[in-house]
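Asks: Quick one, fold the following:
(one chain, ligands or ions: 1)
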Amino acid sequence: MIICKMTPEHLLGVMAVENSSFTHPWSENGFVDEIEKESSFCYVALQNDTVVGFAVLETVLDEGNLLDIAVDEKYRRQGIARKLFKELFKVADEKKLSFITLEVRESSTPAISLYEAHGFERVGVRRNYYSKPTENAVLMTKYFNL
Ligand SMILES: CC(C)(COP(=O)(O)OP(=O)(O)OC[C@H]1O[C@@H](n2cnc3c(N)ncnc32)[C@H](O)[C@@H]1OP(=O)(O)O)[C@@H](O)C(=O)NCCC(=O)NCCS
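Replies: This next block holds a predicted model:
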């Protein structure tokens, strides 16, 4: 398994993971936009050239926002998200980010556990933020260099 920068050739595989992971998935154009932005950092996890996971981090000045992360269901609990976070934290270090923030469905226990394991703390709740089904978003932030 290797981690590399997301390119347009990966989009078919990325969309397969995205569509099977979320009830309200991003469109392909959403990923194209992020790949093209110099201030965004998009990575894929590849197993024998097949996309098995990805992560998208946008940055604005010294702030990071984790926009999307998912791993193919068949490959979960094998440390792939952990490897993706290693890359994101390298970006945080290189770009001297002050923090990375994110929103997550209140019921997404695996994701919340993943974030807590990487030093993210709950900093707030956005009520009824998600649809399909309607659900609160938990806001989580990890601060660097404090
Ligand atoms: C959340 C998600 C990306 C985790 O990916 P993953 O590759 O399975 O995660 P890893 O194997 O790297 O796990 C790293 C750590 O996260 C935590 N974790 C991950 N999945 C977990 C689960 N199902 N239950 C409890 N803790 C979990 C654990 O601390 C784990 O470390 P450990 O295996 O040593 O105990 C994956 O479950 C997923 O794609 N979910 C659907 C999409 C989603 O909810 N994305 C987040 C949107 S905000």
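Asks: how about the residues of the chain near the ligand?
Replies: 21, 69-71, 76-82, 104, 108-111, 113-114, 117 (CB under 6 Å from any ligand atom). The way it works is simple: take the backbone N, C-alpha and C, and place the C-beta from them, glycine included.
Asks: repeat that for 8 Å
Replies: 17, 21-22, 53, 66, 68-73, 75-85, 102-105, 108-111, 113-114, 116-118 (CB under 8 Å from any ligand atom).
Asks: Using ChimeraX, define a selection of the buried residues within those residues.
Replies: To isolate the buried members of these in ChimeraX, using 16 or more other CB atoms under 10 Å:
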select :17,21,53,66,68,69,70,71,72,75,80,81,83,84,85,102,103,104,105,111,114,118
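Asks: Take the residues of the chain next to the ligand and keep only those in helices.
Replies: Applying DSSP state H to the residues of the chain next to the ligand, the entries found in helices are 17, 21, 80-85, 109-111, 113-114, 116-117.
Asks: Looking at these, which one is closest to A137?
Replies: Ranked by distance to A137 (CB to CB), those are led by A111 at 11.4 Å.
Asks: Need the max-distance pair from the ones in helices among the residues of the chain next to the ligand.
Replies: Using CB to CB, the two most remote members of those are V17 and E116, lying 22.7 Å apart.
Asks: What is the burial count for V14?
Replies: The number of residues packed near V14 is 24, by other CB atoms under 10 Å.
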